[in-house]
Each structure stands twice: as C-alpha cells, then as structure tokens.
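**Student:** Here is a sequence with its predicted model. Questions after.
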Amino acid sequence: MKIESVATARLLLLPLTVAEGERVVAREPLPGERWAEGYPGVGDLASVGAFLRRCAEDGDPGAFRTYRIRVAESGLVVGGIGFHGPPGPDGAVTVGYGIVPGERGKGYASEALAAVIGVARSAGAAVLRGDADPANAASHRVMERAGMRRVAEEGGLVRFLVGLEP
C-alpha cells in the first residue's frame, strides 16, 4: 500500500516503509539524506522497532504507521511521529512523537501533531490519544496546541485526547 507524504507549512512527514525502518534502526541514511544530530534517538528506535514488529505480525498498517519528520526547507530529518497501532474497537488510536534535542522549541512537534490528527481523522479514527510524563510540560503544550485536552493523570502519565468525529 502506498501512503503519501504529508506536507505542512514547514515540514514533510515521510511515511516509513519496512526498508526505511530497517535503515533507521541500523542508523544508515541513504546517500544525500540528512539526519539531524541525535537522529535516530532512543524514542525513534523504539517507535521504529515497534512499527517493524507490527508490520511483520499484522502486515502494512496503512495510514496508522510511523512517519519521519523532515524540515522542508533544509531537508533535515529532525524526529518522528506515529501511531502505536490501528484504531481499537472504540475507534481510538494513540500517537507518540519526538524531536531531537537540538531542534526542539521550534514548533515542529506541534505542527507534525496537527497534521497527524488530520491523517487519523481522514483514515477513520474516532479519537486520538497521547500520553506524557507529568514533568514533561513541553509535551503537554504540544498536545494542547494541537487541540488535545488533558483528561487524566494515571499510571505515572498525563493523558490527553481529541475527538476526531467530523
């Protein structure tokens, strides 16, 4: 299944394929591909590894996959964003994201999250969830800027969600 890249004002969200995921895990960019210092980080490696396991077990996840975040102007890959899997029986999906330390504070995570909310809505999800450590105020702000609301604090995490019904 061919999934298109998602363009925002400043970013291009590149849908990961299995071959690209394997390159990320091996830390092997293509010739000419530019990765920001620190990419892939620990969170990227965990996310991409989970994506590869889901693909091996369940096949291509369609729109509910992992995306690399590339700055359109510079071509620099600065992080990743993606779904933890397809919607559950309640129509909910969970998202995770990360930007390398040297590129944080530029609004990239908020911009990417807003775009992924649109992807989830278009692909038929009813609710998008996100979790963050209670001390991670920056991630709380990212989700709030994208229209998500704080709904609970449990299990050592602050939980956010946004309804996606049209």
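**Tutor:** Sure, I can see it.

**Student:** Identify, by residue count, the longest helix of this structure.
**Tutor:** Under DSSP state H, the helix in the chain containing the largest number of residues is helix 42-58.

**Student:** quick one: that one to chain centroid distance?
**Tutor:** Between the mean C-alpha point of helix 42-58 and the mean C-alpha point of its chain there is a distance of 12 Å (C-alpha atoms, centre = their mean, to the nearest Å).

**Student:** now the helix or strand following that helix, how far from the centre of its chain.
**Tutor:** For helix 42-58, the succeeding helix or strand toward the C-terminus, using DSSP states H and E, is strand 66-71. From the chain centre to the centre of strand 66-71 is a distance of 8 Å (C-alpha atoms, centre = their mean).

**Student:** pLDDT averaged over strand 66-71 - what is it?
**Tutor:** Per-residue pLDDT values across strand 66-71 average out to 97.

**Student:** Next: stretch 80-90.
**Tutor:** Regarding stretch 80-90, the rounded mean pLDDT is 95.

**Student:** Send over it as CSV, restricted to the C-alpha atoms.
**Tutor:** Backbone C-alpha positions of stretch 80-90 (Å, rounded to 0.1, in the frame of the first residue of the first chain) are rendered in CSV as follows:
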residue,chain,number,x,y,z
GLY,A,80,9.5,11.1,14.2
ILE,A,81,5.8,10.8,14.9
GLY,A,82,3.4,7.9,14.6
PHE,A,83,0.7,5.7,15.7
HIS,A,84,1.1,2.9,18.2
GLY,A,85,-1.2,0.8,16.0
PRO,A,86,-4.5,0.9,14.2
PRO,A,87,-7.7,2.0,16.0
GLY,A,88,-9.0,-0.2,18.7
PRO,A,89,-12.6,-1.4,19.0
ASP,A,90,-13.5,2.1,20.4
